[in-house]
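>>> Got a predicted model here, sequence first, then my questions.
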Amino acid sequence: MIPVAELHARRTKLVQHMVPNSVAIIPAGREVVRSNDTHYSFRQNSDYWYCSGINEPDGVLVVLPKQGELPEQSVLFVLPRDQQAEIWHGRRLGCDMAKEIAGVDRCESTDDLEYLLVELLDGRSDLYIAQGDDTWFSPYLAEALSELRAGKRQGMQAPERIHDLNTLLHNQRLIKSPYEQEVMRQACKISADAHRRAMKFTQAGLYEYQVAAEIHHEFAMRGASGPAYGTICGSGENACILHYTSNSDQLKQGDLLLIDAGAEYLGYAGDITRTFPVSGTFTEPQRKLYKVVLQAQEAALAVLKPGVTLPDAYRACTQVLVAGLVELGILVGDTDTLIKNLAFRPYFMHGLGHWLGLDVHDMGNYQVNGKPRPLEPGMVLTVEPGIYIPINADCPVAYRGIGIRIEDDILITEHGYENLTATVPKSIEGIEALMRAGR
């Protein structure tokens, strides 16, 4: 459970950025049908979890700043206790328990949502709600606003202005509190241990899905809820498919295996990529190309600190990466000219990284006032350069069909950064030593 003091601090911070006489509404997630009358495993809406700590579907959180003599308050709606429903589908928290977990001022049944929503919105001039998604809650909100507008003669007042809650809440989520940082360390530790296990397990003749199963087993045994995203185990040419998730091919001697996998722990994601030889030993061409990617990542990491931007790190990365591709004969020409002409993009087609948190591609703007956002202490991001050489590339034959990516999770600190995933080896010597030990 998220500590109540942490939840209070999050809601208070949100209220401080809302305009006076406003109200914010955050709906929970809903169960999604998988087939007929079965559902996918429930995963809570990240914003609702962040502000309430409640892991049940169909709830609603209403946050109200102080208005006149009315104090600031949080009102939570949760599913009512229902003996018959709970026999079939599992226990519900009910209002008393949910109120205690979330630390809210009021907790009501969702059975009363329709009429109480009108009461909570009445007289508020501004409404904050996530824009762009037509959710299950949209009809409830539309009905409440319609009723308030129709009751204007009776003194009822609907909010006059609607703001996108994402603008406030997602930028708030971008800076992780000390509690969040500690949870993310644990998510990254579980993820790192799973990668180490996969390295020791891997050998020719196994299937990609068997390696993925080892990773998922480690997640489960360590208390994670499961993968934070679709696990990628791409061997050979499959490593050149950025979001390869079929995981169906057999591992072959002489191939590399690219694994991109992370655990979700208390809602927070780890996200690690390692690339290593199925045989346990890099071939000479694999070794040379791998060193280019590793040196490019190290160049990017070297510049990370508060005030630096992601484009700054990207430039440092590409300078090393392109110089390495030229040295190997994969690109031909002057390094600076090749960078200016984006000649490397067929081999490194994605960005350097992304925010990490409750969502694996976490929320928060990458630009502020049209300029790249400077890094701040408390931000967590991935750094993941890669080189992907298509099988038909116009380059030396020895490098064709090789895909390599190296990804770590980085917490920005007051004076630099902390690598949350450093316990997974990424040097050639470290990888080969761990794989030997596993065998």
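Ah, there it is.

>>> And stretch 78-97, what's buried?
V78, L79, R92, L93, G94, C95 (16 or more other C-beta atoms under 10 Å). Every C-beta, even on glycine, is put in place using the N, C-alpha and C of the backbone.

>>> ok so the last one is a helix residue?
Yep, that's C95 we're talking about. Yes - the assignment for C95 (DSSP: H, G, I helix; E, B strand; the rest coil) places it in a helix.

>>> ok, now which ones touch it?
V78, P80, C107, E108, S109 (C-beta atoms under 8 Å, 6 or more residues apart in numbering).

>>> of all the residues you listed, which comes closest to P390?
In terms of C-beta to C-beta, no member of the contacts of C95 lies closer to P390 than V78, at 51.7 Å.

>>> Any figure for the gap between the closest one and I101?
The gap separating V78 from I101 is 10 Å, by C-beta to C-beta, to the nearest Å.

>>> I'd like the contacts of C95 written out as TSV, with distance to I389 added.
Formatted as TSV, the contacts of C95 follow (distance: C-beta to C-beta, whole Å):
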residue	distance to I389
V78	53
P80	58
C107	57
E108	59
S109	59
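
>>> Pull the most distant pair out of those.
P80 and C107 (10.8 Å).

>>> tell me which strands and helices the helix ranked longest in the chain is in contact with?
As assigned by DSSP state H, the longest helix anywhere in the chain is helix 178-201. Packing partners of helix 178-201 (3 or more C-beta pairs under 8 Å, 6 or more residues apart in numbering; DSSP states H and E): helix 208-221, strand 256-261, strand 263-265, strand 268-269, strand 272-277, strand 408-412, helix 428-438.

>>> pLDDT (mean, whole number) over it?
For helix 178-201, the mean pLDDT works out to 98.

>>> do stretch 239-257 as well
For stretch 239-257, the mean per-residue pLDDT is 97.

>>> export the longest helix of the chain as CSV, just CAs?
Presented in CSV, the C-alpha positions along helix 178-201 are these (Å, rounded to 0.1, in the frame of the first residue of the first chain):
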residue,chain,number,x,y,z
PRO,A,178,11.7,9.8,-2.0
TYR,A,179,9.1,7.1,-1.5
GLU,A,180,8.7,6.7,-5.3
GLN,A,181,12.4,6.6,-5.8
GLU,A,182,12.7,3.7,-3.3
VAL,A,183,9.9,1.8,-4.9
MET,A,184,11.5,2.2,-8.3
ARG,A,185,14.8,1.0,-6.9
GLN,A,186,13.0,-2.2,-6.0
ALA,A,187,11.3,-2.5,-9.4
CYS,A,188,14.7,-2.1,-11.0
LYS,A,189,16.4,-4.6,-8.7
ILE,A,190,13.8,-7.2,-9.5
SER,A,191,14.2,-6.5,-13.2
ALA,A,192,17.9,-6.6,-13.0
ASP,A,193,18.0,-10.0,-11.2
ALA,A,194,15.6,-11.4,-13.8
HIS,A,195,18.0,-10.3,-16.6
ARG,A,196,20.9,-11.9,-14.7
ARG,A,197,18.9,-15.1,-14.4
ALA,A,198,18.1,-15.0,-18.1
MET,A,199,21.8,-14.6,-19.0
LYS,A,200,22.8,-17.7,-16.9
PHE,A,201,19.9,-19.7,-18.4
